[in-house]
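Asker: Okay, here's the prediction I keep looking at, along with the sequence it came from:
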Amino acid sequence: MGVKTIPEDSSRLELHSPGGEEQHRVKTQVPQWRTVFTGIVVLVAIIIISSLENDQKKERAGVVIATTALLWCTEAMPLMITALMPAILFPFAGVLDTKEISAVYWNYISMLMLGTFLMAESVEACGLHRRIALAILSLLGRSEALLMMGSILVAWKLSMFMSNTATTAMMLPIIGAIIDSLRTIQRDIDRKNGGIKMGDVKTNGSIADTLPEGEEGTVEEADPPQFVWFCKGLILSIPYGASMGGIATLTGTPPNLVFKSNYEKFYSNGPTVDFGKWMAFCYPISFLLVVVGWHVLVLMYARSSYVDMIVTIFRKIGNLVVPGTFHIEESDDQKKWRQVNNEIKKKYRALGPLRFPEICLFCLVIILVILWLLRDPAGMEGWAIKHGKSMVDGFTHHLPYHPYLKDAWVAIVVGVLLFNSPTENPLEGTLLWRAPPGKKFKRSEKLLTMDVVLKKTPWEVLVLLGGGYAIAEGCEKSGLSQWLGDSFGFLEGQNNVLVALVICLMVACLTEVASNTASTTLLMPVLAPMAKTLNVNPLFLMISGTVAASLAFCLPSATGPNAMVFTFKEIRVVDMLRTGVIMNILSVLVVVFGVSTWTLPILGISDNIFVPSWVTPEE
């Protein structure tokens, strides 16, 4: 009689198998149905556009946007290539000419995004992100609940200044190493306690009861269901934390920049929403999302550890009040986690002391954030305004002043510094700094090189953003934005909380089947003019939709980080769906609460959020 084995589907085997020419050829091969589907969709769009009258400009623009949205949602073509469809179809439809549509594909938001990419690439190149991750995990990796807290906090913090995908790609190998360490330590403990106990595995290596019916084979040892269940939550904490962290900063995720571009396009006379103001109201929302997300994950996947942690905290508090009230003894589980924490600390110590490139890069990151925060902070005069006034009042009227020094300028300045900052101390070997014995002078490399930039920069994201700018331009010039906004007139006069809830639910559902960037790209040109129809502040609607676009927790196709966790055999789609539904519902409520409370006074929006004076009919 055979024994059962754990089934693995072919897609997961492909992810784990070593690379090769044949595997690469299969991965890059485009299914035939995608090509046929794309051809049919584009042909139908051309026929419909040709059949419309010349004065039906908004209808023709709607066909172009619907075609682009359909190709985005089905991913019949790569997202970057689909983003070029407006450049083809808008001129053909007579909505925008080729010169107009080409000019909107790159603007200062693209420069801001490029600057953040350069910083993220240099952080990854010098390994500073790994040091930060292991440092936080070494502090919090003392139990299942705390380790999950550490992983979600690290992903959350790093994704504020790195892309969500890069953060997830960096964190997953670390989590994989921690899981392997946990598995090894658990098996050692089980053997010391009198034999193999992992997952009801017999001494001959066969599995008795834990595997699906109808599968046969042999394995050496299997993980216990409780361990596998915890690993699911630990792995899911990475993409969830990364998605939540991107909300906190203006440059944390592309949808935030899509919002900024559309807001400044439609309402150029409105109040500035810069890096500092965005953090003022979105950082608390992001933090609350992390708190809620951690509680959901730990209560679903590590409930006993959470209860033990709470009991231990109360016992320690009781001993502080009345010494000797509770006897606290270290359990076997706590001993195991002490060994895990030692393994994490060992990995951290193996990194050695801070190296010169890490110190140099850390200083540049601090400079970048400080300049962003203090450029034009709310309630005070920022450095950009002071610089502009001093230049104008001092000796010339031709030097740059406040309106020309924006966040993108700071990002590009720091990005240029990365190409000129050495990876070795330039003072070593001089009279000011003695070199270590035996070290010879050699030409130092820079923190960032063009080889790294050409290889690592996600150019497709920049083109995708350009496609969003093109759609926004076509919506405005054709009158489609105003028409779509008028169609939501049924929400006029409703409570602002209800309006925010409807917007957030609509966007959260859309972003599960389309990328968050594509979702905001499609919806921002609609939400911007909708404000006048509903008689509400446009910032209220646009920020609600933008933040909700990052609440993609249910499906692997929703975001890159969600898809990446399926390289782990422990994760199934049903696991993400089960957890994601709860996360989405609670996250929407958190966003609605945040946008409807402290966001209003920070942005200068009154309680009734009526249309402000800077929204003119011409806009």
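Answerer: Yep, it's here.

Asker: low pLDDT regions in the stretch 351-500 of the chain?
Answerer: By pLDDT under 70, the weakly predicted segments of the stretch 351-500 of the chain are 373, 376-382, 384-404, 426-444, 481-482, 484-493.

Asker: got the contact list for I65?
Answerer: Counting by CB atoms under 8 Å, 6 or more residues apart in numbering, I65 touches 86, 471, 474-475, 480, 522. C-beta: built from backbone N, CA, C; applies to glycine.

Asker: and the residues you listed, which two are the farthest apart?
Answerer: Greatest spatial distance among the contacts of I65 (CB to CB): P86 and L480, at 12.5 Å.

Asker: Please say which of those two ends up with more neighbours.
Answerer: Neighbour count, other CB atoms under 10 Å: between P86 and L480, P86 has more, with 29 against 24.

Asker: name the element the closest residue to T449 other than its chain neighbours belongs to?
Answerer: Leaving aside its chain neighbours, T449 sits nearest to F419 (7.6 Å; criterion: CB to CB, 6 or more residues apart in numbering). Using DSSP states H and E, F419 maps to helix 407-420.

Asker: Common neighbours of P86 and L480, please.
Answerer: Shared contacts of P86 and L480 (CB under 8 Å, 6+ apart): 65, 474.

Asker: any idea how far the residue lying closest to W372 once chain neighbours are set aside lies from L70?
Answerer: The spatially closest residue to W372, leaving aside those adjacent along the chain, is F275, at 3.8 Å (CB to CB, 6+ apart). Remark: distance between F275 and L70 (CB to CB, to the nearest Å) = 35 Å.

Asker: Those two: which is more packed in?
Answerer: The residue with more neighbours, out of F275 and L70 and counting by other CB under 10 Å, is F275; that gives 25 against 17.

Asker: Return the list of helices and strands in contact with the helix holding F419.
Answerer: The helices and strands touching helix 407-420, judged by 3 or more CB pairs under 8 Å, 6 or more residues apart in numbering; DSSP states H and E, are helix 108-126, helix 356-375.

Asker: after it, next one along is what?
Answerer: Next in sequence after helix 407-420, counting helices and strands by DSSP H and E, comes helix 450-456.

Asker: Pick out the residue closest to the middle of this protein.
Answerer: Nearest to the geometric centre of the chain sits N164, at 3.2 Å (CA atoms, centre = their mean).

Asker: Tell me how far that residue lies from G246.
Answerer: Per CB to CB, N164 is found 5 Å from G246.

Asker: Then E75?
Answerer: Remark: distance between E75 and G246 (CB to CB) = 21 Å.

Asker: Between those two, which is the more surrounded one?
Answerer: Shown here are E75 and G246; by other CB under 10 Å, G246 has more neighbours (29 against 14).

Asker: name the element the more buried one belongs to?
Answerer: Residue-wise, G246 maps onto helix 225-248 under DSSP H and E.

Asker: what packs against that helix?
Answerer: Counting by 3+ CB pairs under 8 Å, 6+ apart, helix 225-248 packs on helix 144-158, helix 164-192, helix 275-301, helix 560-564, helix 573-596.

Asker: who touches whatever helix or strand comes next after that helix?
Answerer: Proceeding N to C from helix 225-248, the next assigned helix or strand is helix 254-266, under DSSP H and E. Residues from elsewhere that reach helix 254-266 (CB under 8 Å, 6+ apart): 107, 109, 112-113, 246-247, 249-251, 270, 273, 278, 461, 464-465, 468-469, 472-473, 476, 481, 516-517, 519-521, 524-525, 528-529, 538-539, 542-543, 545-546, 549-550, 619.

Asker: Helix, strand, or coil at the closest residue to S110 other than its chain neighbours?
Answerer: Among residues not flanking S110 along the chain, L462 sits closest, at 5.5 Å (CB to CB, 6+ apart). Put simply, L462 is helix when judged by DSSP: H, G, I helix; E, B strand; the rest coil.

Asker: ok, L462 touching G115?
Answerer: No. In this structure, L462 is not within contact of G115 by CB atoms under 8 Å, at 11.6 Å.

Asker: Of the helices and strands packed on helix 225-248, flag the one that's most buried.
Answerer: For the helices and strands packed on helix 225-248, the largest average neighbour count (mean count of other CB atoms under 10 Å) is found in helix 144-158, namely a mean of 25.

Asker: what's that helix in contact with?
Answerer: 129, 132-133, 136-137, 139-141, 167-168, 170-171, 175, 178, 230, 233-234, 237-242, 244-245, 248, 286, 290, 293-294, 297-298, 301-302, 305-306, 308-309, 337, 340.

Asker: got the angle for it vs helix 225-248?
Answerer: Our comparison of helix 144-158 with helix 225-248, counting by axes from the mean of the first three to the mean of the last three CA atoms, to 10 degrees, yields an angle of 30 degrees.

Asker: just how off-centre is helix 144-158 within its chain?
Answerer: For helix 144-158, the distance from its own C-alpha centre to the chain's C-alpha centre is 15 Å (CA atoms, centre = their mean, to the nearest Å).
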